Structure formats: C-alpha cells, structure tokens
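**Q** okay, predicted coordinates and the sequence, questions at the end:
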Amino acid sequence: MPTVGFVGLPTDPSESRWQDGFARGLQELGYVPGQTIQVDVRSYTSGDQLQGVLEEFVRRKVDVIFVGQPFVALAARRATRDIPIVCGSCGDPTENGLAASLARPGGNVTGLASLSAELIAKRLELMKEVLPAVSRHAVFVFPGNPGSRATLRALGAAGRKLGVEI
C-alpha cells in the first residue's frame with residue numbers, strides 16, 4: 001500500500017483545513033485512507049522535531065512527502081533527493097530555491113506556486129485606497145520562510161511608490 005508522509009504544524013489554525021482538503025482530494029481521486037493508501041500525519045514544534053520526522057519518513061521510504069510551507073519543503077529536500085516532495089504552497093519556488101525554473105524545475109520537489117510577493121504591491125494599493133490616510137504599515141514575517149525576502153523587497157518598492165513607510 002502506498003504511503004504518504006504528511007508533515008504539518010500542530011499550532012497552525014489552517015492545519016486542519018489542509019488535512020481535510022488533502023483527505024477529500026485523495027477520496028476524489030479514488031483513494032481510501034487506510035484501505036488503498038496510508039497517510040502518516042506528523043507534526044513538529046521545533047526544527048529538531050521536523051528533522052526527526054523527515055528522517056523517519058526517509059528511513060521508512062514513504063512514497064511521497066507532503067508539506068504545506070516552502071521552508072518545510074527545503075528541509076525535506078535536504079533530507080532526501082529520492083522521495084518526491086509535494087509542497088501545498090511553495091511561494092515563488094525559483095526565488096526560494098525549490099526549483100531551477102518554472103519551466104524546468106528539476107529535482108524532487110513539486111507543488112503549487114503562489115507567487116504572493118508579486119501580489120503584495122496590489123494588496124498595499126488596495127489598503128491605501130480604502131485607508132488613504134495610512135502612512136505607515138507594519139509587517140510581520142517568519143524569517144525562516146524563504147519567500148519572506150522577496151515579499152519584503154516587493155513591499156518596500158510598493159511602499160516607496162505609494163508613500164507608505166514599511
């Protein structure tokens with residue numbers, strides 16, 4: 001029976017949506033967890049735990065590893081170059097080093113490219129339109145997310161154009 005190693009964050013409120021959507025998608029494709037496919041869901045609360053989960057999946061030779069975030073995909077790729085890795089939201093995979101290019105990604109990582117840094121300027125424009133008096137904007141980012149750098153660069157450029165201090 002094929003096995004999917006599912007790596008998730010226990011404290012992320014969207015995690016149950018990921019798991020529910022993942023299970024629904026498998027069922028729509030004709031897979032029945034526990035009958036035609038095994039899904040091993042693991043979570044972590046530290047980098048060491050994440051590395052341990054990934055090493056266990058590699059040791060057990062799961063058929064595919066599913067992750068939600070690009071920093072987890074990067075950790076999974078460091079753990080294996082043989083097992084396919086599916087990233088639910090890869091950000092810009094070329095910017096964060098998950099793919100050589102969108103046309104020819106290479107490697108063992110695939111997934112959904114959200115390219116959110118390219119949309120950040122539009123989001124800031126919309127915020128400025130709704131709240132024209134806003135002149136400062138605070139941003140919280142996870143520094144471990146490889147897409148944060150691109151997002152901050154794009155946000156800084158948009159802020160300068162709109163006269164908003166980031």
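**A** Okay, I see it.
**Q** CA only for contacts and neighbour counts going forward, please
**A** Fine.
**Q** and after the worst-scoring helix or strand of the chain on mean pLDDT, which helix or strand comes next?
**A** Lowest on mean pLDDT, DSSP states H and E among the helices and strands of the chain sits helix 15-28, with a mean of 81. Remark: after helix 15-28, the chain's next helix or strand is strand 38-43, criterion DSSP states H and E.
**Q** pull out the buried residues from that following strand.
**A** The neighbour-count check on strand 38-43 (16 or more other CA atoms under 10 Å) flags 38, 39, 42 as buried.
**Q** now the residue located most distally from the centre of the chain, what are its backbone angles?
**A** Residue farthest from the centre of the chain, counting by CA atoms, centre = their mean, is residue 133 at 33.7 Å. Main-chain dihedrals, residue 133, degrees, to the nearest 10: phi -80, psi -10.
**Q** who touches it in this structure?
**A** Counting by CA atoms under 8 Å, 6 or more residues apart in numbering, residue 133 makes contact with nothing.
**Q** tell me the confidence at it?
**A** At residue 133, the model reports a pLDDT of 93.
**Q** just the helices in the chain please.
**A** Counting by DSSP state H, the segments of the chain that form helices are 15-28, 47-60, 70-79, 120-130, 148-162.
**Q** residues making contact with the second one?
**A** With CA under 8 Å, 6+ apart as the contact definition, helix 47-60 has outside contacts at 5, 7, 42, 43, 44, 65, 75, 76, 79, 80, 83.
**Q** partners of the closest residue to the third one other than its chain neighbours in the sheet?
**A** What sits nearest to residue 42 in space, not counting adjacent residues and going by CA to CA, 6 or more residues apart in numbering, is residue 7, at 5.1 Å. The residues paired with residue 7 through beta bridges, assigned by DSSP bridges, are residue 42, residue 67.
**Q** my guess is residue 7 contacts residue 70, does it?
**A** No. Checked against CA atoms under 8 Å, the pair residue 7 and residue 70 is beyond contact range at 11.9 Å.
**Q** pLDDT weak spots in this structure?
**A** 10-16, 115 (pLDDT under 70).
**Q** residues in contact with residue 29?
**A** Residue 29 makes no contacts at all, as judged by CA under 8 Å, 6+ apart.
**Q** could you check how far it is from residue 23?
**A** Residue 29 sits 10 Å away from residue 23, going by CA to CA, to the nearest Å.
**Q** what does residue 76 give?
**A** Distance of residue 76 to residue 23, computed by CA to CA: 21 Å.
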